[in-house]
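# Sequence first, then the predicted structure, then my questions.
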There are 2 protein chains.
Amino acid sequence: MMTEKIVLAIDIGGSLTKIGLVTRTGSILEKRVFRTNGQDPFNIFLEKLKSEIEILITSLDSTHKLISIGIGAPNANSLTGNIENPPNLSWGPLTPISKIIGETYNLPVVLANDANAAALGEMKFGTAKGMKHFVVLTLGTGLGSGIISDGKLLIGEHALAGEIGHVNVDPDGRQCNCGLQGCLETYASVTGIRRTVFELMAEMSADSPLRGISFEDMTGEHISDAALAGDAIALKAFDKTGEILGSKMADIVAHLDPEAIILSGGLSKAGDILLNPIKRFMELRLFNAYKGKVKVLISTTTSSDAILGPAALAWSALEKDTPNSPNS
Amino acid sequence: MMTEKIVLAIDIGGSLTKIGLVTRTGSILEKRVFRTNGQDPFNIFLEKLKSEIEILITSLDSTHKLISIGIGAPNANSLTGNIENPPNLSWGPLTPISKIIGETYNLPVVLANDANAAALGEMKFGTAKGMKHFVVLTLGTGLGSGIISDGKLLIGEHALAGEIGHVNVDPDGRQCNCGLQGCLETYASVTGIRRTVFELMAEMSADSPLRGISFEDMTGEHISDAALAGDAIALKAFDKTGEILGSKMADIVAHLDPEAIILSGGLSKAGDILLNPIKRFMELRLFNAYKGKVKVLISTTTSSDAILGPAALAWSALEKDTPNSPNS
């Protein structure tokens, strides 16, 4: 009997965790989404994760064989298999997630920074198919980044490359969960644009539907819906976000000379309202040699497809181990 | 009779051009230095370059065989072999230097951005021997950068990676020769610190030996000599330069996670006066995960050894073509 090999993909986000079963060609057979509740200790998360995985695995019939697990998580170190000091999760300095999950399911586990996994996913299954040099920015609770250079993930000396969310916008700027001030992710993320909206509601006197929503309740969708309806405060918030992010994207280009910068995550769903000011300010600040050469794209994978990142991670590792291995 | 193969290395700088004959192991047999005079047209430079090369080649005896030419130059494109729009040289939009030099001497020519060549030189013959992930910043007339990732030059999609001299410090900041405002090289370079000294002479009322020197005449040595003698203006200029450069080096780390950042070029000769504020501000602005992990080093090669960069370029290309070829 032919069995199809599949991998279990786990994407741990600041707000939501997504898990799924994915084939070699990127078909998602089953998926589930649940709240990460990152303010709780890791053990509570782990119990929830295991019960959700149990539900997925139970759905498998005998024509599928689970062979590997890919995990994308914030501040994950691919060399050690640990999650280290995640600023947006209260899990402490070191969570040995690869070891725990590997021992639980007796399968190989590949771990990477969530945005690094997302970049691999874009190259293998998504918007960056065929590209060799690009950068993915995931605009969610924070700002994650994954860099592909010459067709491979740029890892760095300590497997910590691509923390572009923590480049500095303003040394006297907003407090970041990481302890620094003025990090890019305090401006250019779902959380960042919400802070900008609250700053603008203080500065401006314009009426706005956003004035009826508390800081805790306000989502990225509230802000993009208001902008699409012509709300002055929301539009200005997207302009300011686009100026800051576009300028820093010009700096990214001055380091890496990519073919494209691909935006994904919650904030990217705003589309042209975000894309237009980003493109304008990036081009304005680009060094001559790069002007007109670098694409800015919004990821075409949907938010729940975030599992394609860790799936690509697992499949890439398997292909490295056994080149040209058959699919059955 | 045994003949030793050698390469001709040409380092074209904003102020000086250095040429030399270099063995496979990095021994410099002969070298010459002359002024680039970048404000003159390219043809005047070319005649001077050819006459200087003639003198070098004439010095060769029959035990040496010249087999290749490596060229490092500002804004050089390794894919096309052209120098494109160099902001500090008045040579126009496109100078096909590889073709011209290759046809003149009937030898293979390898061209790269001067700082990319310098990075290869540091890895093959210099301070970065054995390192796989590092960044070289050349602090001269401008600020050049070369990035080594996983033991290879990071090239980018259009062979234009590593223009870190043009990341933005302040959108309303100093005019840059490239047409932008507030580029890093307008602060952190020999030219940049001179501008800072003049700004500080306007702001501060302290006496200083630097007040007797015109803008045109002031060199990096004047400024570092004054700082070493305790001059308040020169010391403050190094502090400000170190703050700006150290902060941007924290951003470089957030992109690339290198083992080290290596400083070379005229300004790096100031040593600890520059290094101390750079290290302090870089550490201050580093994302937690990187703190204490990234070395800041000053290149041990002397300024006239800048030809080791283009020499490494030529030798690396030869080794790629004919792996394990004998040395005679």
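Received, thanks.

# check contacts around the residue of the stretch 101-250 of chain A found nearest chain B.
Using CB to the nearest CB, the closest approach of the stretch 101-250 of chain A to chain B is made by A:Gly156 at 2.5 Å. (Each C-beta comes from the backbone N, C-alpha and C, glycine too.) Counting by CB atoms under 8 Å, 6 or more residues apart in numbering or on different chains, A:Gly156 makes contact with A:162, B:133, B:149, B:256-258.

# from these, which ones fall inside helices?
Under the assignment DSSP state H, the contacts of A:Gly156 contribute B:Leu256 to helices.

# can you pull up the bridge partners for the most centrally placed residue in chain A?
Closest to where the C-alpha atoms of chain A average out (CA atoms, centre = their mean) is A:Thr138, at 3.7 Å. Judged by DSSP bridges, the bridge partners of A:Thr138 are A:Gly144, A:Ser264.

# chain center to stretch A:274-293: distance?
In terms of CA atoms, centre = their mean, to the nearest Å, the centre of stretch A:274-293 is found 22 Å from the chain centre.

# what is the mean pLDDT for it?
For stretch A:274-293, mean pLDDT is 96.

# Is any residue of that stretch near chain B?
Yes. Stretch A:274-293 reaches chain B (CB under 8 Å from any CB of the partner chain) through A:285, A:287-290, A:293.

# got the buried residues for that stretch?
The neighbour-count check on stretch A:274-293 (16 or more other CB atoms under 10 Å in any protein chain shown) flags A:274-275, A:277-279, A:281-283, A:285-290 as buried.

# What of stretch A:150-168?
A:153-168.

# now stretch A:10-23: how far from the chain's centre is it?
Distance of stretch A:10-23 from its chain centroid, counting by CA atoms, centre = their mean, is 11 Å.

# And for stretch A:290-308?
On CA atoms, centre = their mean, the centre of stretch A:290-308 falls 11 Å from that of its chain.

# got the end-to-end distance for it?
31 Å (CA to CA, to the nearest Å).

# Which positions within it qualify as buried?
Buried residues in stretch A:290-308 (16+ other CB under 10 Å): A:290, A:294, A:296-299, A:301, A:303, A:305-308.

# try stretch A:48-62
In terms of neighbour count (16+ other CB under 10 Å), stretch A:48-62 has its buried residues at A:48-49, A:52-53, A:56.

# I'd like the mean pLDDT over that stretch, please.
Stretch A:48-62 carries an average pLDDT of 93.

# Around chain B, pick out the residues from the stretch 101-250 of chain A.
A:132-133, A:147, A:149-150, A:152, A:154-164, A:166-168, A:171, A:178-180, A:183, A:247, A:250.

# Mark which of those are part of strands, please.
A:147, A:149, A:152 (DSSP state E).

# Take these and write them to JSON lines, including pLDDT.
What follows is those, written out as JSON lines (pLDDT from 0 to 100):
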{"residue": "A:Ile147", "pLDDT": "98"}
{"residue": "A:Ser149", "pLDDT": "97"}
{"residue": "A:Lys152", "pLDDT": "94"}
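
# of these, closest to A:Val22?
A:Lys152 (20.9 Å; CB to CB).

# so how far is A:Lys320 from the closest one?
Distance, A:Lys152 to A:Lys320, by CB to CB, to the nearest Å: 10 Å.

# cool, and A:Ile147?
19 Å.

# One more: A:Ser27?
Separation of A:Ser27 from A:Lys320 (CB to CB) stands at 21 Å.

# what do you get for A:Ile83?
The gap separating A:Ile83 from A:Lys320 is 23 Å, by CB to CB.

# These two: which has the busier surroundings?
A:Ile83 (25 against 9; other CB atoms under 10 Å in any protein chain shown).

# quick one: the more buried one is in a helix?
No. Assigned with DSSP: H, G, I helix; E, B strand; the rest coil, A:Ile83 falls outside any helix and is strand.

# who's A:Asn153 bridged to?
Slight slip there: residue A:153 is Leu, not Asn. Assigned bridge partners for A:Leu153, using DSSP bridges, are A:Ile148.

# shouldn't it be in contact with A:Gly146?
Yes. Contact criterion CB atoms under 8 Å: A:Leu153 and A:Gly146 qualify, at 6.9 Å.

# got any residues that touch both of these two?
Here A:Leu153 and A:Gly146 share the contacting residues A:116, A:119-120, scored by CB under 8 Å, 6+ apart.

# I'd like those residues laid out as TSV, including pLDDT, neighbour count and secondary structure.
Converted to TSV, those look like this (pLDDT from 0 to 100; neighbours: other CB atoms under 10 Å in any protein chain shown; DSSP: H, G, I helix; E, B strand; the rest coil):
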residue	pLDDT	neighbour count	secondary structure
A:Asn116	94	27	helix
A:Ala119	95	32	helix
A:Leu120	95	30	helix
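
# Export these to a markdown table and append columns for distance to B:Ser189.
What follows is those, written out as a markdown table (distance: CB to CB, whole Å):
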| residue | distance to B:Ser189 |
| --- | --- |
| A:Asn116 | 33 |
| A:Ala119 | 33 |
| A:Leu120 | 37 |
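
# which one of those sits closest to B:Ile97?
Nearest to B:Ile97 among the shared contacts of A:Leu153 and A:Gly146, counting by CB to CB, is A:Ala119 at 35.6 Å.

# The closest one and B:Ser299, how far apart?
32 Å.

# can you check A:Gly212 too?
59 Å.

# got it, and A:Ile261?
Distance from A:Ile261 to B:Ser299, by CB to CB: 32 Å.

# tell me which residues of stretch A:180-188 are tucked away?
Buried, per 16+ other CB under 10 Å, within stretch A:180-188: A:180-188.

# Just put those residues in JSON lines and tack on pLDDT.
Shown next, in JSON lines, are these (pLDDT from 0 to 100):
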{"residue": "A:Leu180", "pLDDT": "96"}
{"residue": "A:Gln181", "pLDDT": "97"}
{"residue": "A:Gly182", "pLDDT": "97"}
{"residue": "A:Cys183", "pLDDT": "98"}
{"residue": "A:Leu184", "pLDDT": "98"}
{"residue": "A:Glu185", "pLDDT": "97"}
{"residue": "A:Thr186", "pLDDT": "98"}
{"residue": "A:Tyr187", "pLDDT": "98"}
{"residue": "A:Ala188", "pLDDT": "98"}
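
# For the helix or strand in which A:Lys50 is found, output the C-alpha coordinates as PDB.
Using DSSP states H and E, A:Lys50 maps to helix A:42-58. Below are the C-alpha coordinates for helix A:42-58, written out as PDB (Å, rounded to 0.1, in the frame of the first residue of the first chain):
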ATOM      1  CA  PHE A  42       5.200  27.200  29.400                       C
ATOM      2  CA  ASN A  43       3.700  24.000  31.000                       C
ATOM      3  CA  ILE A  44       0.200  25.300  30.500                       C
ATOM      4  CA  PHE A  45       0.900  26.000  26.900                       C
ATOM      5  CA  LEU A  46       2.500  22.500  26.500                       C
ATOM      6  CA  GLU A  47      -0.500  20.700  27.800                       C
ATOM      7  CA  LYS A  48      -2.800  22.600  25.400                       C
ATOM      8  CA  LEU A  49      -0.400  22.000  22.500                       C
ATOM      9  CA  LYS A  50      -0.200  18.200  23.200                       C
ATOM     10  CA  SER A  51      -4.000  17.900  23.400                       C
ATOM     11  CA  GLU A  52      -4.400  19.800  20.100                       C
ATOM     12  CA  ILE A  53      -1.700  17.600  18.400                       C
ATOM     13  CA  GLU A  54      -3.600  14.500  19.700                       C
ATOM     14  CA  ILE A  55      -6.700  15.700  17.900                       C
ATOM     15  CA  LEU A  56      -4.800  16.200  14.600                       C
ATOM     16  CA  ILE A  57      -3.000  12.900  14.800                       C
ATOM     17  CA  THR A  58      -6.200  11.000  15.600                       C
END
